[in-house]
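[1] what follows is a predicted structure for the sequence shown.
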Amino acid sequence: MDIETLLDFRDIEKCPRLVIKIGSALLVHPDGEPRFDWLRTVAHEVAGARERGQEVIVVASGSVALGAAMLDLPGGGRETLAHAQAAASVGQVYLASTWAQMFAEHGLKAGQVLLTLDDLENRSRYLNARETLRELLERGAVPIINENDTTATQELKFGDNDRLAARVAQASDANGVLLLTDVDGLYTKHPDEPDAELLRVVHKMTPRIHEMATGGSGSGMGSGGMASKLQAAEIAGRAGIALAILSGTEQYPIGRALSADLGTVFLPKRDDNAFKSWIGGRMRFNGSIRVDDGAVRALHNGKSLLAAGVIEVFGAFERGDVIAIEDAQGRMIAKGMVEYDSPDCEKIKGLRSEEVADELGHLPRSAVIHRDQMVML
């Protein structure tokens, strides 16, 4: 059974494993103090989900905002990288202890997991994180996930916890993701405009849907916005995971939104295997390959990428790296694990299969990127 409505997110048969993401503006007051009363209601809702038999993972930001207030740092701790990392170091301790206390009131144990982008981009580290999450859930703990802002540089950051939540959902084989934010869901226009309408269900991500995202974080505390939430919905959707955007401003926010059917549900339209799901969620690449129109058609028809269709090679990558595949206009159309390093790709681009061996001096692989190691976007 698949998730189709908001109420399905609390159905143990349709959603046995749930990821809940909480933004900084919901968790922390503007003065940097945690919203203890609100947090206690969320902990109560998580405990209720556990009593129903659901396994729950919480992705919670707020460490930088908390730490900045405690260290009296200007600009919410985001004026410099050093400020942000120092604030995160202090804030993470406070945040973890707060969650542990809230869950202890319900007899639950919290486990902290701090991740960087590289932890989920690197295949072996991704699998390690996957096993850690599984073990925590099997032992009855509630994993509390946050980006490790104490060590992550700009190049190694997710940039927002929306996409982190979607990647954690992939890694943990979750069935649903709830993104709690300060709006009711995705509107056709900015919510302040009088003719803006709330979309209850999104069946397919289209350019028109992306145009509805206003971008930016209204509170100034977080790093995400509606655009990042739509990207998270795409990442989750490629793994067969439903995602919903809900308002989290009131106490007991999940129960309020689900019972009122107030939010936006993004329904998945595919269910890639675990390996393809990991490829589809990749956000950073060492290079890319640009292909001709014939190759684009072949890829959309389920074919592998052959050297003959390659027209340009960018970056420095090695065999086994996940790279981007672009059409002739430079638009990314797919991601895949490449079978050759970039110098060899440069040598064989445009060559027919029978010419590749002569150019390389050894038997070629079956494809530059095999269809079983490729995800179309």
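    Here it is on my side, so go on. Residues are numbered from 1 along each chain as shown.
[2] wait, a strand at residue 20?
    Yes. The assignment for residue 20 is a strand, going by DSSP: H, G, I helix; E, B strand; the rest coil.
[3] list the contacts for it?
    By CB atoms under 8 Å, 6 or more residues apart in numbering, the residues touching residue 20 are 42, 46, 56, 57, 58, 59, 177, 178, 180, 254. C-beta: built from backbone N, CA, C; applies to glycine.
[4] now swap in residue 334 and tell me
    Taking CB under 8 Å, 6+ apart, we find residue 334 in contact with 299, 324, 325, 374, 375, 376, 377.
[5] hmm, 10 Å instead?
    In this structure, residue 334 makes contact with 279-280, 289, 291, 296, 299-300, 305, 323-327, 369, 371, 374-377, judged by CB atoms under 10 Å, 6 or more residues apart in numbering.
[6] which among those count as buried?
    Burial by neighbour count, 16 or more other CB atoms under 10 Å: within the contacts of residue 334 this picks out 279-280, 289, 291, 296, 299, 305, 323-327, 369, 371, 374-376.
[7] just list whatever residues bridge to residue 266.
    Beta-bridge partners of residue 266, counted by DSSP bridges, are residue 202, residue 243.
[8] okay but it is in contact with residue 238, surely?
    No. Using CB atoms under 10 Å, residue 266 makes no contact with residue 238, being 11.4 Å away.
[9] which residues are in contact with both of those two?
    Both residue 266 and residue 238 are contacted by residue 205, under the criterion CB under 10 Å, 6+ apart.
[10] neighbour count winner among the two?
    Regarding residue 266 and residue 238, a neighbour count based on other CB atoms under 10 Å identifies residue 266 as having more, with 29 against 25.
[11] distance of that one relative to residue 291?
    The span separating residue 266 from residue 291 equals 29 Å under the rule CB to CB, to the nearest Å.
[12] repeat that for residue 277.
    Spatial separation of residue 277 from residue 291 under the definition CB to CB is 23 Å.
[13] so where's the stretch 251-377 of the chain shaky on pLDDT?
    Low-confidence segments of the stretch 251-377 of the chain, defined by pLDDT under 70, span residues 270-271.
[14] you'd agree residue 339 is up against residue 371?
    No. With contact defined as CB under 10 Å, residue 339 does not count as touching residue 371 (11.8 Å).
[15] between these two, what contacts are shared?
    By CB under 10 Å, 6+ apart, residue 339 and residue 371 have these common neighbours: 304, 305.
[16] list the contacts of stretch 269-277.
    Contacts of stretch 269-277 (CB under 10 Å, 6+ apart): 2, 123, 126-127, 130, 167, 169-171, 173, 203-205, 235-241, 278-281, 335-337, 372-376.
[17] now with 6 Å?
    170, 238, 239, 240, 280, 375 (CB atoms under 6 Å, 6 or more residues apart in numbering).
[18] report all helices and strands that the helix or strand hosting residue 170 contacts.
    Mapping residue 170 onto the secondary structure by DSSP states H and E places it in helix 161-171. Of the remaining helices and strands, those touching helix 161-171 by 3 or more CB pairs under 6 Å, 6 or more residues apart in numbering; DSSP states H and E are strand 17-22, strand 55-60, strand 176-181, helix 226-238, helix 274-281.
[19] the second one: partners in the sheet, and parallel or antiparallel?
    So the one you mean is strand 55-60. Here strand 55-60 is paired, per DSSP bridges, with strand 17-22 (parallel), strand 141-147 (parallel).
[20] got phi/psi on residue 66?
    Main-chain torsions, residue 66, degrees, to the nearest 10: phi -60, psi -50.
[21] do a quick rundown of the strands in the stretch 251-377 of the chain.
    All strands of the stretch 251-377 of the chain, identified by DSSP state E, counting those that start in this stretch, fall at 264-266, 287-291, 310-315, 322-326, 332-337, 374-376.
[22] how about residues contacting the fourth one?
    Counting by CB under 6 Å, 6+ apart, strand 322-326 makes contact with 279, 282, 285, 287-290, 317, 332-335, 337-338, all of which sit outside it.
[23] so who does residue 89 touch?
    When contacts are taken as CB under 6 Å, 6+ apart, residue 89 is in contact with residue 150.
[24] strand 141-147 and the host helix or strand of it, what's the angle between them?
    In this assignment (DSSP H and E), residue 89 forms part of helix 81-104. Calculated by axes from the mean of the first three to the mean of the last three CA atoms, to 10 degrees, helix 81-104 forms an angle of 170 degrees with strand 141-147.
[25] what average pLDDT does helix 81-104 get?
    Helix 81-104 carries an average pLDDT of 90.
[26] how about the residue nearest the centre of the chain: what's its closest non-neighbour residue?
    Residue closest to the average C-alpha location in the chain (CA atoms, centre = their mean): residue 163, at 2.4 Å. Distances taken as CB to CB, 6 or more residues apart in numbering place residue 232 nearest to residue 163, at 5.0 Å, with adjacent residues excluded.
[27] how close does that neighbour get to residue 63?
    The value you get for residue 232 to residue 63, if CB to CB is used, is 20 Å.
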